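Visitor: Using only what follows, build the 3D model:
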Amino acid sequence: MDSTGNTDERAGRRIKKKLFTRSSYSILLTDEGMLLHKKAENLLAMADKITNEFHTIDDITGGDIYIG
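Guide: Reported below is the predicted structural model:
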C-alpha cells in the first residue's frame, strides 16, 4: 500500500470511523469520509484566506484609526 493509503487508514483509526470502502476497481467515501473531506476543504480554504490576509497587510498604506 502506498503512503497515502497508510495516511488515510491512520486518520480513520484516529477518529474511530471508517472513511472509505475499497473494492477491486474503486474507493468510495463513506458518509463520515465525505464529512471529513468537506471539513478538510474548509480548513484549507481558511488557511489560504489567512495567508492572503497576512500578505496584504504590507499593502495597506493608509486608513482611519478610531479610539474610544
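Visitor: now Asp59: how far from Arg22?
Guide: When distances are taken as Cβ to Cβ, to the nearest Å, Asp59 and Arg22 turn out to be 47 Å apart. In short, each C-beta sits where N, CA and C put it, glycine included.
Visitor: if you count what's nearby, which of the two comes out ahead?
Guide: Set Asp59 next to Arg22 and count neighbours by other Cβ atoms under 10 Å: Arg22 wins out with 10 against 6.
Visitor: The more buried one bridge partners, please.
Guide: Applying DSSP bridges to Arg22 gives these bridge partners: Ile27.
Visitor: Which residues belonging to the longest helix along the chain are considered buried?
Guide: In the chain, assigned by DSSP state H, the helix with the most residues is helix 31-57. Using 16 or more other Cβ atoms under 10 Å as the burial criterion, the residues of helix 31-57 that qualify are Gly33, Leu36.
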